[in-house]
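Show me the folded form of this:
(3 chains)
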Amino acid sequence: MNIAAPVRLPAGKADLSRQAEALRPTHMNAQPILRVVDLKKTFDGFTALDSVNLTVDDGEFLAIVGPSGSGKTTLIRLLVGMEEQTSGEIWLRDSRIDNVPANKRPTCMVFQSLALFPHRSVGENIEFPLKIRGVDPALRRARALELLDLVRLPQHYYGKRIQQCSGGERQRVALARALAFDPEILFFDEPLSALDFRLRKMLEKELKDLHQRTGKTFIYITHSLEEAMVMSDRIAIMRSGRFEQLGPAEEIYAKPKSRFVAEFMGEVNLFRANGNGGTVSFEHVTVDPAAAAKRGLRPGFSGDLMARPESVRLLKPGERADVMATGIVESEYLLGSRVQYLVRLASGYKVTVELSRENRVTWEPGQSMGVGFDLDRAHLIQEA
Amino acid sequence: MERINQRLGVLSALPVVVFLAAGFLAPLCVVAAFSIMPQKVFSLANLPDFSSYALMIQEGYWESLLVSLAMAFAATFILFVICWPLAFAMAKVFGRFTLVLTIGVVMTLFVSENIRLFGWVLTLMKGGLIEGYWRSWTGQSFDGLLYNVPVIIFGLVYVYLPFMLFPLAQGIAMVPDDARQAAFDLGANRWQIFREVELPLSAPGIAVGCLITFVLTAGAIAESKLLGGRAVIVISDEIERSFTYGQNWPLGSALAMTLIAVVGSFAIFGVTRIDLDAIMGRKR
Amino acid sequence: MHPSNVGRIGLYLYGILILAFLYLPLVAIGFASVSTSRYLSFPIRQYTTQWYAQALESGTVSDLLWISLQVAAIVTVISMVLGFFGALAFARYQWRYRRLYQKLILLPIFFPQSVLGLALLMWFNAVGITPTWHTAIIAHLVWIAPIATLIIAIRAYSFDPALEEAARDMGCSTWQILREVTLPLLMPGVVAAGLFSFLLSWGNFPLSLFTTGADLTLPEWLYAKMVSGYSPLVPTVGMLSVAASIVLVAIALALPPLINRFTRNSSD
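Model (predicted):
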């Protein structure tokens, strides 16, 4: 079983056509490239990773998101072979790779610190994995120049020193070096976290574009949800060493499986169901029984009613909604194209309302205001 | 990774560990063994006794040890006071001058201690640099400044200055500027900042500096011989003389073991409380 | 909160004062080495370079230089190798007995050198080795190899372990990582350690005293002359030894910028 990365060189035209072909999303009709079975990792009694199961399709862009300490870094280090699992299996296509050391795995990672070699030029950095494989210097150089093109760096950067490159340029060099390795799966360990906001936004889009053009499988870990949403096909939310939810970005945003995911995925209004008796009711708000029945809410439902701020509206006098409450407007925040209101209900609970800018209202401090939303724009989080 | 680290760690430590085991630990064992041999033997093939230790106490050799320790203590204290302002300036005030100073101070380390102390002899003796010029300018003569206890301590301070200066500077460099500025902002004066912020935060550097100076000065010999003219006999001198003039290896070994025990317990006490990784600038 | 300008100037003056204090004895030796009189007395009335001529012609002095040079050169090479690997174990790899190992490395540095020299003498005697300048190499290494280890360790601490991990991730074997990444990155530390090793061995007296047997190194000879009465050759040879150190340091300081300039030109 030889799973060492094949030297697909010279790259030349064949490679370019492969890239062209890859312009369409390939993950639609794909087969699993990576399978993780019951992966577990403990450090001195502390469980960093608790039975993770995961299947990744060929050509997919998967983002793993979680707060720090959730185990995402441990997971990625296990996948590339820099740590050994306590138990479980990792399969790459048809070969089990969890006992293969990092230097024999056909995977490659872009580090958080980028780990560019400061004693080597840009070109030498990019050629490094090829040099290790004993590729002929002329071929190496040709491939490095090609990759500079791919990551949109000018050819004369070949001889530049790493210290002369800006943050964004280094990012591209690191990417080119990882691509030179030609890995089966490319891993990213929060490589954009050190960059400023605008550069990050730009590189996020470029990375997504590069994913499309190369057709490679990308697995990206980050603590930034926005980053994950912009780039990835699927998002996995991690918490305390487990996947809390795994699915397309849209699904995770609109239909979180738990309060944790709901709150992690941005601002949210949550109303807990009151467990008592024959009617359906929630804390802080009144729900129209007919609408509730229509939505299939049965008495005895336990869990939360969730409404994103953009689903909630400020009610004009006399206006009705499926779910309603009255409160006092506390503050208004301008978010550019959108505007947010914080409304304090009589119970003390604060509802966040987000409107587009043209719907901005005039209000007095202490003014009473109705808020509400319809159930078809809300999501029910059933308690497990 | 842990397993690789473990293996590489052991492998790369191996050469130097093997070397030190043969070149450092083994000789210490020989000294320890000789210290319990009967008087004036030159081989370990004798019945052990503790006559050397008894002799050491009876003949008052322990007084030399006390002298050495007292001078080491004095030198360490003086060095701390002298070096603190300079170490502070090197860590926080000087820019490029720190490099100049570092090179300047390190350079002196490369000149044999003997030569530098000999230079002081030429400077301080009667007819030396100081007295000679003083006499030619003022016409008044005075005795040389050599051959007393203070000049030995002076010599210790001179020779071991770098060993206090660099650890102190390193320790002070570990004090974040923010912390000092915050204390200043909160109304602390210079002395309070020193006592409440700098001293505790640079404690590892202070500990290393004081420890290394104390240990080295306690075992120093050349200062008392060259500058002190044996005004007092230090412990290392006693040890050396037991081996050379005295031809009594067991006695010398017993004295050496005592010195090692006293100084070693200081060193071990200090070293186990210091996070070496932090002092030496670990990144993570 | 920066010191006032007066405080700043005071600190600079203090620094210069300390430097002057450190170099004053060397100045005295320098003067002594060019004094005509056989029995030194300041102020010096007549200057001469005859002692330098005499020292340079002397066969004894050149023998001493040769022995000191051989010892220092061999100590340098061995301590660079021991120090390189020793520093990796000290700073880079996380292994179980690292803390204990760090203390073992520190012990010889913290140890009174004259006692160490005697201990080694007894050890050589016990295993039946006759001390010559070869054994002095071992004695120097016991003290200098740990220092070299510490110097390289400082460099090893400051590099990102992710660099080695990245190299491994891209298919490097352990040897390839050492050759392609670790060694080039630690090189400045290794060179500095080499410089220190050479100079510390060159100037060492207490260890040499007991471990060279019948051979003499330069510092030993100087000491013997110092205690047996004044000779004008003592300051002269002392100055020559200092000059040799200065030349070596100057070369070491001048070389990296030169190499940099050279490689930058060639890469463009």
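
right, quick check: stretch C:78-91 against chain B, any contact?
Yes - interface with chain B: stretch C:78-91 contributes C:81-83, C:85-86, C:88-91 (CB under 8 Å from any CB of the partner chain). C-beta: built from backbone N, CA, C; applies to glycine.

Can you show me the helices along the stretch 51-200 of chain B?
Using DSSP state H, counting those that start in this stretch, the helices of the stretch 51-200 of chain B run over residues B:51-58, B:62-88, B:96-109, B:113-124, B:129-138, B:149-173, B:177-185, B:190-193, B:199-201.

Tell me which of those sits most buried.
Ranked by average neighbour count under the criterion mean count of other CB atoms under 10 Å in any protein chain shown, those are headed by helix B:113-124 at a mean of 25.

Below-threshold pLDDT in the chain: ranges please.
All of this refers to chain A. Using pLDDT under 70 as the threshold, the predicted model of chain A has low-confidence ranges A:1-30, A:275-278, A:384.

switch to chain C, that's the one I care about
Across chain C (using pLDDT under 70), the flagged ranges come out as C:1-3, C:36, C:38-40, C:42-43, C:260-268.

For it, which residues are neighbours of chain A?
For chain C, the residues in contact with chain A (CB under 8 Å from any CB) are C:160, C:162-163, C:165-173, C:176, C:180-181, C:184-185, C:267-268.

Mind giving me the ChimeraX select for those, buried ones only?
Paste this into ChimeraX to select the buried members of the residues of chain C next to chain A, with burial taken from 16 or more other CB atoms under 10 Å in any protein chain shown:
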select /C:160,162,163,165,166,167,168,169,170,171,172,176,180,181,185
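
Kindly reformat the helices of the stretch 51-200 of chain B as TSV containing distance to residue B:255.
TSV is the format used below for these (distance: least, CB to CB, whole Å):
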stretch	distance to residue B:255
helix B:51-58	6
helix B:62-88	8
helix B:96-109	28
helix B:113-124	22
helix B:129-138	36
helix B:149-173	19
helix B:177-185	46
helix B:190-193	43
helix B:199-201	36
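
Need the nearest residue in space to residue A:285, chain neighbours excluded.
Computed as CB to CB, 6 or more residues apart in numbering or on different chains, the closest residue to residue A:285 that is not its neighbour in sequence is residue A:325, at 4.5 Å.

how many neighbours does the one you found have?
Other residues lying near residue A:325 total 24 when counted by other CB atoms under 10 Å in any protein chain shown.

swap in residue B:26?
For residue B:26, the count of nearby residues is 15 (other CB under 10 Å).

and if you look at residue A:304?
Here the count is done by other CB under 10 Å, and residue A:304 has 22 residues near it.

what's the spacing between the helix or strand harbouring it and its chain's center?
Using DSSP states H and E, the element containing residue A:304 is strand A:303-307. Put simply, strand A:303-307 sits 23 Å off its chain's centre (CA atoms, centre = their mean, to the nearest Å).

That strand pairs with which strands?
Paired neighbours of strand A:303-307 in the sheet (DSSP bridges): strand A:269-274 (antiparallel), strand A:379-382 (antiparallel).

Send over the longest one as CSV, restricted to the C-alpha atoms.
So that's strand A:269-274. Written as CSV, here are the backbone C-alpha positions of strand A:269-274 (Å, rounded to 0.1, in the frame of the first residue of the first chain):
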residue,chain,number,x,y,z
ASN,A,269,-33.5,35.8,20.3
LEU,A,270,-34.3,32.6,22.2
PHE,A,271,-37.5,31.9,24.1
ARG,A,272,-37.7,28.8,26.3
ALA,A,273,-40.9,26.8,26.2
ASN,A,274,-43.0,26.7,29.5
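
Give me the buried stretch members for it, please.
Across strand A:269-274, burial judged by 16+ other CB under 10 Å covers A:269-271, A:273.

Which residues of chain A lie near chain C?
Where proximity means CB under 8 Å from any CB, the interface of chain A facing chain C comprises A:4-5, A:80-82, A:101-105, A:107-109, A:111-113, A:115, A:117-119, A:121, A:128-129, A:131-133, A:159, A:177, A:181.

Any of these buried? List them.
When neighbours are counted using 16+ other CB under 10 Å, the residues of chain A next to chain C contain these buried positions: A:5, A:80-82, A:101-105, A:107-109, A:111-113, A:115, A:117, A:121, A:128-129, A:131-133, A:177, A:181.

what's the neighbour count on residue 154?
Assuming you mean chain A. When neighbours are counted by other CB under 10 Å, residue A:154 comes out with 10.

wait, I meant chain C there
18.

Next, the contact list for the nearest residue to residue A:81 once chain neighbours are set aside, please.
Sequence neighbours aside, residue A:102 is the residue nearest to residue A:81 in space, at 3.5 Å (criterion: CB to CB, 6+ apart). Applying CB atoms under 8 Å, 6 or more residues apart in numbering or on different chains to residue A:102 gives the contacts A:80-82, B:1, C:165, C:168-169.

Would you mind giving the domain segments of chain A?
Domain assignment of chain A by automatic domain parsing yields the ranges A:12-106+A:183-260, A:267-382.

Residue C:17: which of those domains is closest?
Across the domains of chain A, the minimum distance to residue C:17, taken as CB to CB, is reached by domain A:12-106+A:183-260, at 44.2 Å.

Mind telling me what element residue C:26 is part of?
Using DSSP H and E, residue C:26 sits in helix C:5-33.

Oops, could you answer that again for residue A:49 instead?
Here residue A:49, judged by DSSP H and E, is contained in strand A:46-57.

Adjacent strands (with direction) for that strand?
In the sheet containing strand A:46-57, its partner strands are strand A:32-43 (antiparallel), by DSSP bridges.

Send me the partner strand as CSV with only the CA atoms.
Output for strand A:32-43, consisting of C-alpha atoms alone and laid out as CSV, is shown next (Å, rounded to 0.1, in the frame of the first residue of the first chain):
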residue,chain,number,x,y,z
PRO,A,32,-15.8,10.3,0.3
ILE,A,33,-12.1,11.1,0.4
LEU,A,34,-11.8,11.1,4.2
ARG,A,35,-13.6,9.0,6.8
VAL,A,36,-13.0,9.5,10.5
VAL,A,37,-14.4,6.9,12.8
ASP,A,38,-14.8,7.3,16.6
LEU,A,39,-11.7,9.4,16.8
LYS,A,40,-10.7,10.1,20.4
LYS,A,41,-7.8,11.9,22.0
THR,A,42,-7.0,12.4,25.7
PHE,A,43,-4.0,14.3,27.2
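
Quick one: end-to-end distance for stretch A:364-378.
Using CA to CA, to the nearest Å, the span of stretch A:364-378 from its first residue to its last is 29 Å.

and the helices of the stretch 51-200 of chain B as JSON lines, adding distance to chain A and mean pLDDT?
Supplementary listing: these in JSON lines, determined by distance: least, CB to the nearest CB, whole Å; pLDDT from 0 to 100:
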{"stretch": "helix B:51-58", "distance to chain A": "46", "mean pLDDT": "84"}
{"stretch": "helix B:62-88", "distance to chain A": "30", "mean pLDDT": "92"}
{"stretch": "helix B:96-109", "distance to chain A": "20", "mean pLDDT": "87"}
{"stretch": "helix B:113-124", "distance to chain A": "38", "mean pLDDT": "86"}
{"stretch": "helix B:129-138", "distance to chain A": "49", "mean pLDDT": "80"}
{"stretch": "helix B:149-173", "distance to chain A": "23", "mean pLDDT": "89"}
{"stretch": "helix B:177-185", "distance to chain A": "21", "mean pLDDT": "79"}
{"stretch": "helix B:190-193", "distance to chain A": "33", "mean pLDDT": "82"}
{"stretch": "helix B:199-201", "distance to chain A": "26", "mean pLDDT": "83"}
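
So for residue C:228, which of those helices sits nearest?
helix B:113-124 (12.8 Å).

Now do the contacts for residue 119.
Looking at chain A here, since you left the chain open. Contacts of residue A:119 by CB under 8 Å, 6+ apart are C:184-185.

if you could check chain C rather than the one you did, that'd help
Going by CB under 8 Å, 6+ apart, residue C:119 touches B:27-28, B:30-31, B:256.

Run through the helices of the stretch 151-300 of chain A in chain order.
Here the stretch 151-300 of chain A has its helices, by DSSP H, counting those that start in this stretch, at A:167-180, A:197-214, A:225-231, A:249-254, A:259-264, A:289-294.
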